[in-house]
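Enquirer: just coords:
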Ligand SMILES: Nc1ncnc2c1ncn2[C@@H]1O[C@H](COP(=O)(O)OP(=O)(O)OP(=O)(O)O)[C@@H](O)[C@H]1O
Ligand SMILES: [Mg+2]
């Protein structure tokens, strides 16, 4: 591209972004948003969360990054959903959008909805349209998040006690100081690290596993209905990882919450999840029960992921790795995003992006190889 064309391109991107930023800021400044704008109805009342064609874009100087581009899946009440996919496929952006933590005006919801079944109020709301004040009542209280890196999620200059108590008093302002401390110790006991003087410890005085337990304790302060865990064990060694996963599983049963577990570790998903969502370049390419995905994977990308998983007792020289790279999210092609890496392409793959087809009541896949089966069902 010559210099002038490049200049003109950057100028048009800037102009386009300026319009988007203006729209966003105007929306943010609005006061007294009527309830009718964010009230909705669940497609199925058994679900706690329903993503419906969610699109989250970043309007950057280099162009529009379509980080999440038409994602739809559901989280049934009390279930654990594993969201897998390689780095950059939009897992974290999906969770940040759910928590209302997108950094605007660059990051914006460009379309779709996230329906949340708010049983406490006997209503369903669309989280993408919820006013900030309303969101504050839900975030941390009813939906909470466990972040990937405990050292960045905790503030190094405050004690564990300060941080836990602040979190509790923010969400439960009616509690007195000693009640807040008692609650902090209660959640620390729940995550298995209640010990003498722990409230006075600073994060650096704890091991990585203990810090992650504190982060989980913070997420549990207010008996959440839904816990979003974004790579909760990636920063930990395998024995601690197993302990943390056990802990999450037990806690889920104790407080009867749903978990959205984001990871690129298929082993973790196999152990924990009831349902699995496979994402690729901002879209869901396959979803189903753990049995569907692990025993009958249909999308070539899922099959590739399965092949790249080490198996105990199987002697191989080298683990399989899917050739090639994820396409640039700024210039996504019209055809299937996996086409250039796929070993099973057919003629239809030259055409438009394949639609999601149902292989069974629970199993859906977006691939031309499975088109016929989908039509039959
Ligand atoms: N603030 C931002 N500005 C611009 N682009 C962003 C921003 N945050 C994320 N992205 C882009 O969105 C896409 C999805 O990112 P995301 O963090 O959701 O990936 P991920 O699936 O969580 O990956 P990982 O497994 O590495 O955590 C990436 O292409 C990333 O570059
Ligand atoms: Mg991530």
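Expert: Now that the structure is in, tell me what you want to look at. Small disclaimer: the values here were computed from a predicted structure and weren't measured. Residues are numbered from 1 along each chain as shown. Ligands and ions are numbered 1, 2, ... in the order given.

Enquirer: CA only for contacts and neighbour counts going forward, please
Expert: Will do.

Enquirer: Write out the residues of this structure neighbouring ligand 1.
Expert: Residues of the chain lying near ligand 1 by CA under 6 Å from any ligand atom: 58, 65, 67, 86-93, 329.

Enquirer: check contacts around the closest residue to ligand 1 within the stretch 151-300 of the chain.
Expert: Here the residue of the stretch 151-300 of the chain nearest ligand 1 is residue 264; by CA to the nearest ligand atom that distance is 6.3 Å. When contacts are counted by CA atoms under 8 Å, 6 or more residues apart in numbering, residue 264 touches 84-87, 231.

Enquirer: Output those residues in CSV, with pLDDT appended to each entry.
Expert: What follows is these, written out as CSV (pLDDT from 0 to 100):
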residue, pLDDT
84, 93
85, 89
86, 85
87, 86
231, 87
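
Enquirer: and these, which of them are in helices?
Expert: If you go by DSSP state H, the contacts of residue 264 have nothing in helices.

Enquirer: I'd like to know how far residue 251 sits from residue 81.
Expert: Distance of residue 251 to residue 81, computed by CA to CA, to the nearest Å: 15 Å.

Enquirer: Scan this structure for its longest helix.
Expert: Per DSSP H, the chain has its longest helix at helix 3-29.

Enquirer: now for it, which elements pack on it?
Expert: Helices and strands touching helix 3-29, by 3 or more CA pairs under 8 Å, 6 or more residues apart in numbering; DSSP states H and E, are strand 47-60.

Enquirer: How about residues contacting the strand it packs on?
Expert: By CA under 8 Å, 6+ apart, strand 47-60 touches 17, 20, 42-43, 64-77, 93-94, 97, 105-118, 226, 258.

Enquirer: swap the cut-off to 6 Å and go again
Expert: Where contact means CA atoms under 6 Å, 6 or more residues apart in numbering, the residues beyond strand 47-60 that reach it are 17, 64-77, 106-117.

Enquirer: how big is the angle separating it from helix 3-29?
Expert: Relative orientation of strand 47-60 versus helix 3-29 (axes from the mean of the first three to the mean of the last three CA atoms, to 10 degrees): 140 degrees.

Enquirer: Each with direction, which strands does strand 47-60 pair with?
Expert: Sheet partners assigned to strand 47-60 using DSSP bridges are listed as strand 63-76 (antiparallel), strand 107-118 (antiparallel).

Enquirer: Can you add distance to residue 29 and give the ones you listed back as CSV?
Expert: Shown next, in CSV, are the strands paired with strand 47-60 (distance: least, CA to CA, whole Å):
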stretch, distance to residue 29
strand 63-76, 24
strand 107-118, 15
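
Enquirer: Same list, these, but as a markdown table with mean pLDDT and mean neighbour count please.
Expert: Formatted as a markdown table, these follow (pLDDT from 0 to 100; neighbours: other CA atoms under 10 Å):
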| stretch | mean pLDDT | mean neighbour count |
| --- | --- | --- |
| strand 63-76 | 94 | 21 |
| strand 107-118 | 95 | 21 |
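
Enquirer: So which residue of the chain lies furthest out from the middle?
Expert: residue 4 (40.4 Å; CA atoms, centre = their mean).

Enquirer: Tell me how far residue 347 lies from residue 368.
Expert: In terms of CA to CA, residue 347 sits 9 Å off from residue 368.

Enquirer: more neighbours, those two?
Expert: The neighbour comparison of residue 347 against residue 368 (other CA atoms under 10 Å) goes to residue 368, with 23 against 7.

Enquirer: Look at the more buried one and report its pLDDT.
Expert: The per-residue pLDDT reported for residue 368 equals 92.

Enquirer: Outline the domain layout of the protein.
Expert: 35-278, 302-376 (automatic domain parsing).

Enquirer: Of those, flag the one that's most buried.
Expert: Highest mean neighbour count among these (mean count of other CA atoms under 10 Å): domain 35-278, with a mean of 19.

Enquirer: quick one: low-confidence parts of the protein?
Expert: Within the chain, the ranges that satisfy pLDDT under 70 run 1, 150, 235-236, 309-321, 371-377.

Enquirer: Please enumerate the helices of it.
Expert: Using DSSP H, the helices of the chain run over 3-29, 91-98, 132-138, 150-153, 160-171, 177-190, 208-220, 238-255, 266-272, 290-295, 300-307, 371-376.

Enquirer: measure the closest residue to residue 334 other than its chain neighbours to ligand 1 for me?
Expert: Closest residue in space to residue 334, ignoring its immediate chain neighbours: residue 352 at 5.6 Å, by CA to CA, 6 or more residues apart in numbering. Note on residue 352: its distance to ligand 1, by CA to the nearest ligand atom, to the nearest Å, is 22 Å.

Enquirer: Could you double-check that residue 352 sits in contact with residue 335?
Expert: Yes: counting by CA atoms under 6 Å, residue 352 touches residue 335, with 4.6 Å between them.

Enquirer: Setting aside sequence neighbours, what's the nearest residue to residue 39?
Expert: Nearest non-adjacent residue to residue 39 (CA to CA, 6+ apart): residue 125, at 4.6 Å.

Enquirer: who's in contact with the one you found?
Expert: By CA under 6 Å, 6+ apart, residue 125 lies in contact with 38-40, 115-116.

Enquirer: try 10 Å
Expert: Neighbouring residues of residue 125 by CA atoms under 10 Å, 6 or more residues apart in numbering: 35-42, 49, 113-118, 134.
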